[in-house]
Each structure stands twice: as structure tokens, then as C-alpha cells.
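Colleague: Quick check, what structure comes out for this input:
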Amino acid sequence: MESHTIPGPSSPGVWHSAQVVFNFLGYSEKCREKYGDVFQLNALGSPSVVCSDPEDVKTIHTQKMEAFDFRSPNLVLGSLLGEQSLLMMEGVPHRELKKDMLRHFHSMLSDKLEPRVQECVAEKFDRCFVGAEGELTAHEWTKQVTLRVIIDLLFGEDDPSLNDEVETKVSNLLELMNEKFVTACLLIPALQLHRLAFGSWRRYLSARGEVSELLRRSIQLAKSDESLFKGTLFRFLVEEYTALGEEEQIASVQSQLMTLLFTGHETTANAAGFGVFHVLRDPELKGQIRETGQRKSLAELLADPYLDSVCREVLRLYLPSLFTLPRVTKAPFQLRNYRVPSGVTLMASNYLVHRREDIYENPLAFVPDRFCGKQFGPFEYFPFGFGVRSCLGTTLATLELKLILTHAALQNHVALSDLQTPKLARRGFTFGPENRVPLKMCSSAFG
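Modeller: I've put the predicted structure just below:
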């Protein structure tokens, strides 16, 4: 087969990097429009190939895992999550740890957890909106919900003061990560020079140190008293690494905790914020979800087909991540009639796939009915990725989204302050509503 050069912009790598950091969505859309479904970027220090055709996605994701290097393209996360993170593990160690984590994760996603998540949704709503002053936003509410749920899931609920402290420190760190300069430093390690350790970057380093120290103290506490944190994912991780030396054990547990804390909530919070916007903007949609929430039990609500379709549409347009986990080719790789050299990062853009007109009619419109009675192929709709590298928290994220949207629909006195659909904007390593979906309290927002 004759091989061709992968098309892509020829501007300097510095320009590519700036576009990826500050204008990733618009830049990738322009590149697909100009170069087609497969294009190459030279950004963030290495060449990357982006694909947005389901057949190309299938080609990449049906290859053996051993054909790719998953560690090097995720090293930018190492300074935050730790180099032992599940995201950077490969082969049998990755598969075995993820399998065990999934088993423990799903053992906690039981009938007992569902009402607890529902309680958390209501508690955080009251904290954010009842008697509150200043700016009210859906994103602040959804962020508080998803962060507290993952913290309670990790550590249990025996020590609320510890969970409160973790919530406060992690939330502070996340806000600093979302500042543009800090994001640029994290994505472009060359910017992380000692002489730049001032301002927001210095505050980020200090906040990261506080979170690390808190987790270290918690791990040492768990090691000293086996009766603490029983049945939690935290206890499982402490015991998983018992055979290691003390410092290596602490570093490994800390790395997995950081991974779960930082990948396990903000992505869902972003999608849920957009979902709240659509529920509150559309009276018919709000009314239908409201009726379901009023007349159905919790189990019936979570199984409701229409609510499921709404959540699927939210995740189609405002998916948790904008491309599946990047991977680097270990050997030359054939993609269509392109020969991809070794050492190139491959990225399947679910963001671009989910906006294809040949798959989704009127793809930029919010139309939950498109999922009613219809199943899209696994390479046409994949908000959480797929296979062994898929998102660990898919079930939890869907549960949270359903309960948040239902609670929003049940409110009589909350309305949107701005009816313009929010733009997707970078928030650190994720993308969320640019205006955070401002809300207002009113005498009646329903009927």
C-alpha cells in the first residue's frame, strides 16, 4: 500500500503548543475542517496524530495494548498525580490493579450508595443556594457534589473532619490548577523553572504540598491502625502496597489517591453543569424529568429510559474528556494509507466524533430524543473511552449526573441568569462551562 504524509499545519511547534493550551477546541475543529479526519500536530514537544473517524478510532483501539506506550504521553500528569499513577501504568500491572480497583469500586456502588449520593446532591444544593449571597453557579454546586462523593467513597464516612479537610484542600488546589498560567506550566514542563516559582504557580506548588502532606498523614494513620477505614478503597490501596518499603508504599498509595480524586469528579461536574443549564432552560424537558422524579422511586428513576437519554446527550456534547487516553506508537503503524512512524502520539477525538453530521443529525443541538430507542456504535459514541483503558468511574459519573439533573428539575425557585448556551472552555486539564452557568433565586421558576 502506498503511504502518504499525514496532513497538518506547518506552523512552528511553539504556535501549536499555544493553540493546544489556550484554544484547543477551536484549533482542532479548524484542523479537521482543513485537513480532514486525520491530521498531525507538533505540539507540547512531540508529534501527535488526531483522528475523528469511527473506523480510524476502531483501528487504533483494537490493536494490542503492547503496541503502544501509555506512560510517556501522560508524564505531564506525573508532577500532580505521581509517577505510580494508574494512568501511567502498562501491561499486566495496569490490568491487574484496575481489575481489583473496579471490583472494590463496584462493591461500594450498591443500593446503599445511591441514596447517599442523592443526599449529598441535596445537601450541597442547600449549601450553595439557600440563603447564599454573591454569585450562584451550577458548576460550583456540581463540583461540590462530585468532589464530596468521591472523597466519601475513598475514605468512608467514619471521620467527617478528615473528609472535610481533604475537600477543602483539594478544591483549593483545583482552583489554582485552572488558572491559565498554571495550566500552561503543567502542560509545558519547560515553563516550570525555579525562577517562575511566584504568583499563581507558587501558590499551586504550596497547595499541592498541603494535599500531599494530608494524604501522607492519612496513609500513616491507616498503617498504624488496621481498624480504620475498613471496607474502603483507601484501605484496599494501603493493603495492596504492603509488601513495598514504607516510602515506596506511601508514594504508591498517594499516587492512586491523587488519580482518583482529580480524575473522579471535575469531569463529571463540568458535564453536570451543562446538563443543569439545559434542564432549566427547557420547560418541557424540566417538566418531564420533574414528573419522573416526583412519581418514581429512586431505583425506578435511575432506570428511567428518558432520563438516561438526557444524560447520554449531555455526555455526547459535554463529554468528560475530549480524546481517549493518548498512546505512543512503539513501531511504525498503518492508519488508512498513512504510515505513522514510531514515537508518535495517537489521539482519538471523541469530541470531534460526537459532532459528526454523518452520525448525528444537527450535531450541535441538544436533542435527547436522538438516543430514545437508538444505539450508536461503540466507536461512534464513547464519552468514557472503552476497553481496558476506559474510565474507572463510568457508573458513578452516570449516577451523579442523573441525580443532579433530577434535583435541578425539582426546584421551584432557581432559574438561569443567562439563557445563552455556555461555551466549552478549558479548566486546567478539563473543559467546562465558560461562565460556570450562573443561577438566580426567584419566586417561581417553574410553571
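Colleague: what's near enough to touch F129?
Modeller: Listed by Cβ atoms under 8 Å, 6 or more residues apart in numbering, the contact partners of F129 are L136, W141, V414, L439, M441. Every residue, glycine included, has its C-beta placed from N, CA and C.
Colleague: If we use 6 Å, what do you get?
Modeller: Going by Cβ atoms under 6 Å, 6 or more residues apart in numbering, F129 touches L136.
Colleague: now the helices for the stretch 301-447 of the chain?
Modeller: Counting by DSSP state H, counting those that start in this stretch, the stretch 301-447 of the chain has helices at residues 305-317, 350-353, 394-409.
Colleague: out of the ones you listed, which comes closest to P189?
Modeller: helix 350-353 (24.5 Å; Cβ to Cβ).
Colleague: what's that closest one in contact with?
Modeller: By Cβ under 6 Å, 6+ apart, the residues outside helix 350-353 that reach it are R32, S52, L319, L322, F382.
Colleague: can you rerun that using 8 Å?
Modeller: Residues outside helix 350-353 that contact it (Cβ under 8 Å, 6+ apart): 25, 28-29, 32, 50, 52-54, 57, 319, 321-324, 359, 379-383, 385.
Colleague: just checking, S200 touches F181?
Modeller: Yes. At 5.3 Å, S200 counts as touching F181 under the criterion of Cβ atoms under 8 Å.
Colleague: what does the average pLDDT come to for the host helix or strand of H139?
Modeller: Using DSSP states H and E, the element containing H139 is helix 138-155. When pLDDT is averaged along helix 138-155, the result is 95.
Colleague: name the helices or strands packed onto it?
Modeller: Contacts defined by 3 or more Cβ pairs under 8 Å, 6 or more residues apart in numbering; DSSP states H and E place helix 138-155 against helix 113-129, helix 160-177, helix 233-240, helix 246-263, helix 266-281, helix 394-409, strand 430-433.
Colleague: do that again at 7 Å, thanks
Modeller: helix 113-129, helix 160-177, helix 233-240, helix 246-263, helix 266-281, helix 394-409 (3 or more Cβ pairs under 7 Å, 6 or more residues apart in numbering; DSSP states H and E).
Colleague: Of those, flag the one that's most buried.
Modeller: Burial of the helices and strands packed on helix 138-155 is given as mean neighbour count (mean count of other Cβ atoms under 10 Å); helix 266-281 ranks first at a mean of 26.
Colleague: Touching whatever helix or strand comes next after that one from outside, list them.
Modeller: Next helix or strand after helix 266-281 toward the C-terminus (DSSP H and E): helix 283-295. Helix 283-295 is contacted by residues 278-280, 301, 304, 306-307, 310, 405-406, 409-410, 446 when judged by Cβ atoms under 7 Å, 6 or more residues apart in numbering.
Colleague: let's see it at 6 Å
Modeller: V279, D304, T406, A409, L410.
Colleague: ok, back up a step: just the CA atoms of the helix holding H139, as CSV, please.
Modeller: Extracted C-alpha coordinates of helix 138-155, given in CSV (Å, rounded to 0.1, in the frame of the first residue of the first chain):
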residue,chain,number,x,y,z
ALA,A,138,-24.5,25.5,38.8
HIS,A,139,-20.8,24.5,38.3
GLU,A,140,-20.0,25.3,42.0
TRP,A,141,-22.8,23.1,43.1
THR,A,142,-22.0,20.2,40.8
LYS,A,143,-18.3,20.4,41.7
GLN,A,144,-19.0,20.3,45.4
VAL,A,145,-21.3,17.2,44.9
THR,A,146,-18.9,15.2,42.8
LEU,A,147,-15.8,16.0,45.0
ARG,A,148,-17.5,15.1,48.2
VAL,A,149,-18.9,11.8,46.8
ILE,A,150,-15.5,10.6,45.6
ILE,A,151,-14.0,11.6,48.9
ASP,A,152,-16.6,9.7,50.9
LEU,A,153,-16.3,6.8,48.6
LEU,A,154,-12.5,6.6,49.1
PHE,A,155,-12.2,7.2,52.8
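Colleague: Give me the angle between it and helix 160-177.
Modeller: Computed by axes from the mean of the first three to the mean of the last three Cα atoms, to 10 degrees, the angle separating helix 138-155 from helix 160-177 equals 130 degrees.
Colleague: Which residues does helix 138-155 contact?
Modeller: Around helix 138-155, the neighbours that count as contacts under Cβ under 6 Å, 6+ apart are 108, 117, 120-121, 124-125, 128, 163, 166-167, 232-234, 264-265, 268-269, 272-273, 276, 400, 404, 433, 436-437, 439.
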